[in-house]
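Trainee: my questions concern the predicted model and sequence given below.
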Amino acid sequence: MGLFLPSIVENLGYEDSTAQLYTAPPIAVAFVFTLAVSLLSDKLGKRGFVFIACIIVTTAGVSIFLGSRLDVVRYGSLFLTLSGINAASPTLWTWSVNNVAPYTRRATAISFAAFMSNAGSILGKWLFGPISPGPMYTKGSIIVLTFCVLMVILAGLKIVYFTLENRKKSAIRSVLPRQDEKSELGDRSAWFVYSL
């Protein structure tokens, strides 16, 4: 969304250099929010829950943007949208990488996450352009909202799955000595605990 933020701001009634200036505050707030969320995520060690919270913030921002006709309110919604989505990305990347082993699978997970991020940027260019022209960006906003809801549902299911797997692994650890387990199981090892 940051790539086409100047176009969105311009369609809210600001022109040229003023539109460029008005893109700075939402980006600055998103920067501080991302740092704070990253620190919180590290401290809590619950990246999935933090990711869901970030997507909920994004959903609130997009919902306000979609539902309001007042330019000042729509501009304010960009603070929530950018903050939530910018903080969600590093949280999701870290959560994904923390739950994959050995290093070859981890490298593949990083590559896949980079691919999906870039695909999202390409999709965003179309969603807030030819598919959904400004100033309302109705179709694009609805599609983004749909993706946000899906991300919350899928992340919640992933947390449930990891919780159940951690319980199974805990039961195995209670009866199987570590030296009796096959080597090189990576994240399938009973001693590999999934991060929630």
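Mentor: Sure thing, it's come through.

Trainee: now do the contacts for the residue nearest to residue 189 when sequence neighbours are not counted.
Mentor: Nearest residue to residue 189, sequence neighbours excluded (C-beta to C-beta, 6 or more residues apart in numbering): residue 181, at 6.3 Å. Every C-beta, even on glycine, is put in place using the N, C-alpha and C of the backbone. The neighbours of residue 181, taking C-beta atoms under 8 Å, 6 or more residues apart in numbering as the test, are 189, 190, 191.

Trainee: pretty sure residue 38 sits against residue 90.
Mentor: Yes: look at residue 38 against residue 90 with C-beta atoms under 8 Å: they come within range, at 5.9 Å.

Trainee: before we move on, back to that, now the residue nearest to residue 189: phi and psi?
Mentor: phi -80, psi 140 (degrees, to the nearest 10).

Trainee: next: residue 153.
Mentor: Residue torsions, per degrees, to the nearest 10, at residue 153 are phi -60, psi -50.

Trainee: the residue nearest to the spatial centre of the chain and residue 165: what is the separation?
Mentor: Taking C-alpha atoms, centre = their mean as the criterion, residue 88 is the residue nearest the geometric centre of the chain, at 3.0 Å. Note on residue 88: its distance to residue 165, by C-beta to C-beta, to the nearest Å, is 23 Å.

Trainee: just residue 97 next, same as before
Mentor: 17 Å.

Trainee: what's the burial count for residue 100?
Mentor: By other C-beta atoms under 10 Å, the residues close to residue 100 number 19.

Trainee: and it, what are its phi and psi?
Mentor: With angles defined as degrees, to the nearest 10, residue 100 sits at phi -130, psi 140.

Trainee: output the below-cut-off pLDDT ranges for the chain.
Mentor: Applying pLDDT under 70 to the chain flags residues 1-4.

Trainee: what do you get if the cut-off is 50, keeping everything else the same?
Mentor: Low-confidence segments of the chain (pLDDT under 50): none present.

Trainee: could you pull out the helices for it?
Mentor: Taking DSSP state H as the criterion, the chain carries its helices at 5-11, 16-44, 47-67, 71-98, 103-127, 138-175.

Trainee: show me what the longest one is packed against.
Mentor: Using 3 or more C-beta pairs under 8 Å, 6 or more residues apart in numbering; DSSP states H and E as the contact criterion, the neighbours of helix 138-175 among helices and strands are helix 47-67, helix 103-127.
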